[in-house]
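Colleague: Here's my sequence, what's the structure:
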Amino acid sequence: MQVETLMLPLERSLISPLASLEEAYKMLLDARLTCLVLDEQPRGRIVRMRSILEHLAGAVLHGLHADPSRPVATLAEHVETVPHDAPIEVAAKALWRRPSRAVLVAGEEGHVIGLVGWPQLNQFFDDILDIEGAVSVAFRLSDAPGQMASALQAIADSGVSVRATYLSHLRKGHRNGTVYVAEESAQAARTALQAQGFELV
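Modeller: Numbers count the residues shown, from 1 in each chain. Okay, here's the model as predicted:
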């Protein structure tokens, strides 16, 4: 699948650089977006909800006057742009490198035509993995070969069908694993994992 099939188009994400922080905040809430694209062609920028909140809250915490009328362009960030016909995996890798951000999508002439953020990517994975309505069961495992395979085998032996799995990056000698199962099978999966010595998280 290509990026253009997943992206949020400009008509839903475009905002003027002269718009105020208040206007951007309301638009982000209404559209349930993580970012907005600023109208700056051919190179676009993004504005994150987190940046707006940090600015306003930071001003209050430091005894300053929060200015919701401040132009949103002052909080804009230049980010990576990916071609519209690139595979979804390219956008996913770019997002992993830049947590809480988005990547812009460029059309054939190089102009920004949309963006891909975590909401779009998460929906994509939900669709292809069919995990909507499933329950996540998280557990800790050591960084040793075959640990995830042992966990999955234990769950399978208990008669539970796993819809999807996730394995985190290594942190302090261990990883967190997550399996997605039907709600009625969640307790059986937890019991099977604990019986094999895995710690639930």
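Colleague: tally of neighbours for residue 150?
Modeller: Residue 150 has 16 neighbours, counted by other Cβ atoms under 10 Å. Where you see a C-beta, it was placed from the backbone N, CA and C, and this is true even at glycine.
Colleague: ah, wrong one, I meant residue 49
Modeller: Number of residues near residue 49 (other Cβ under 10 Å) recorded here: 18.
Colleague: where's it relative to residue 5, distance?
Modeller: 25 Å (Cβ to Cβ, to the nearest Å).
Colleague: Ok, residue 104 next?
Modeller: Remark: distance between residue 104 and residue 5 (Cβ to Cβ) = 16 Å.
Colleague: Could you check which of those two has the larger neighbour count?
Modeller: The residue with more neighbours, out of residue 104 and residue 5, is residue 104; 25 against 10, by other Cβ under 10 Å.
Colleague: For that one, what are phi and psi?
Modeller: Note on residue 104: backbone dihedrals following degrees, to the nearest 10 are phi -90, psi 150.
Colleague: show me what contacts it?
Modeller: Contact analysis of residue 104 by Cβ atoms under 8 Å, 6 or more residues apart in numbering lists 37, 44, 46, 79-82, 112, 114-115.
Colleague: Then residue 137?
Modeller: Shown in contact with residue 137 (Cβ under 8 Å, 6+ apart): 178-181, 186, 189-190, 193, 200.
Colleague: give me the low-pLDDT residue ranges for this protein?
Modeller: Within the chain, the ranges that satisfy pLDDT under 70 run 40-43, 59-60, 62, 64, 99-100, 126-132.
Colleague: nearest residue to the residue nearest the centre of it other than its sequence neighbours?
Modeller: Centroid check for the chain by Cα atoms, centre = their mean gives residue 118 as the closest residue, at 2.9 Å. In this structure, residue 118 finds its nearest non-sequential neighbour in residue 34, 5.7 Å apart by Cβ to Cβ, 6 or more residues apart in numbering.
Colleague: Then residue 71?
Modeller: Using Cβ to Cβ, 6+ apart and skipping residues adjacent in sequence, the residue nearest residue 71 is residue 18, 5.7 Å away.
Colleague: Name the secondary structure element that contains that neighbour.
Modeller: Under the criterion DSSP states H and E, no helix or strand holds residue 18.
Colleague: my guess is the residue nearest to residue 118 meets residue 48, correct?
Modeller: Yes. If you go by Cβ atoms under 8 Å, residue 34 and residue 48 touch, sitting 6.4 Å apart.
Colleague: mind listing the strands for this structure?
Modeller: Ranges of strands in the chain, per DSSP state E, are 8-9, 14-15, 35-38, 45-48, 81-83, 103-106, 112-116, 135-142, 162-167, 174-181, 199-200.
Colleague: who wins for proximity to residue 125 among those?
Modeller: Of all these, it is strand 162-167 that lies closest to residue 125, at 8.1 Å by Cβ to Cβ.
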